[in-house]
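In: got a sequence here, can you build the structure:
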Amino acid sequence: MPYTTHESEENVVLEPATTADAAVIWLHGLGADGYDFVPIVDELRLPPTLAVRFIFPHARPRPVTINNGFVMRAWYDITGLGPDRKEDDAGIRESAGVVNGYIEQQNARGVATERIVIAGFSQGGAIALQASLRYPERLGGVMALSTYLPLRESVAAEASRANKDLPILMCHGLRDPMIAAAIGKASRDQLVSLGYTVEWQSYPMEHQVCMEEVHDISRWLQARLESKS
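Out: As a prediction, the model looks like this:
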């Protein structure tokens, strides 16, 4: 399906040729921007009957401790790579609030919450999980790519009852040097222990996206957002 691209300081939006009845809000990784995943949309080869609006927000620039305080686009600060590092609770929750705002914008444009998928890569995937598991209305699903579950100690207490059966797709590179596959698997296992259904896919790659993964994402998205018409 051909898309019309709309660009602003806040995001990049790909508008389908027909009136959108579904939306994917897709968050980039650390130091990237909303343009990072725009090329993947064509590679998904979604059927023309699926009128999906893709929204790619830009994270705001902020200093990142692990990068010597260098200011870059980031959804939250990262203080270290070790398992005992202190998480940026305020930054994570702030960015989850940004996602909530995008969901409300799509509602205002006529897209039902249950037709909205939250997606993200790396840092963006962490925010996708943070926001979607806590959102008070039923979403269409969440795609967490090469990422982990943030603020994991608070998930059980803060989880939304409306999204307890939320479809979750987690994809990870087995040779990921940034976020080890074992970290992704531990997040998956915690979600499963909390009663979530998680589809886990792994690939012989590093901290990236491969074509096999793109095909899996396309299949999963079509299953979640198959047109009701």
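In: list the contacts of Ile103.
Out: Ile25, Thr113, Ile116, Ile118, Tyr135, Leu139 (Cβ atoms under 8 Å, 6 or more residues apart in numbering). C-betas here are computed from N, CA, C, even on glycine.
In: check what pLDDT it gets.
Out: On the pLDDT scale, Ile103 is placed at 98.
In: end-to-end on stretch 21-37?
Out: 21 Å (Cα to Cα, to the nearest Å).
In: quick one: distance of the longest helix along the chain to the chain centre.
Out: As assigned by DSSP state H, the longest helix anywhere in the chain is helix 89-108. Centre-to-centre, helix 89-108 and its host chain are 12 Å apart (Cα atoms, centre = their mean, to the nearest Å).
In: mind exporting the C-alpha coordinates of stretch 111-122 to PDB?
Out: Provided in PDB are the C-alpha atoms of stretch 111-122 (Å, rounded to 0.1, in the frame of the first residue of the first chain):
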ATOM      1  CA  VAL A 111      -8.800   4.700  15.800                       C
ATOM      2  CA  ALA A 112     -10.100   2.500  18.600                       C
ATOM      3  CA  THR A 113      -7.600   1.600  21.400                       C
ATOM      4  CA  GLU A 114      -7.900  -2.100  20.600                       C
ATOM      5  CA  ARG A 115      -6.700  -1.300  17.100                       C
ATOM      6  CA  ILE A 116      -3.500   0.300  18.300                       C
ATOM      7  CA  VAL A 117      -0.200  -1.600  18.600                       C
ATOM      8  CA  ILE A 118       2.800  -0.100  20.500                       C
ATOM      9  CA  ALA A 119       6.200  -1.100  19.100                       C
ATOM     10  CA  GLY A 120       9.700  -0.300  19.900                       C
ATOM     11  CA  PHE A 121      13.400  -1.200  19.500                       C
ATOM     12  CA  SER A 122      15.900  -1.300  22.300                       C
END
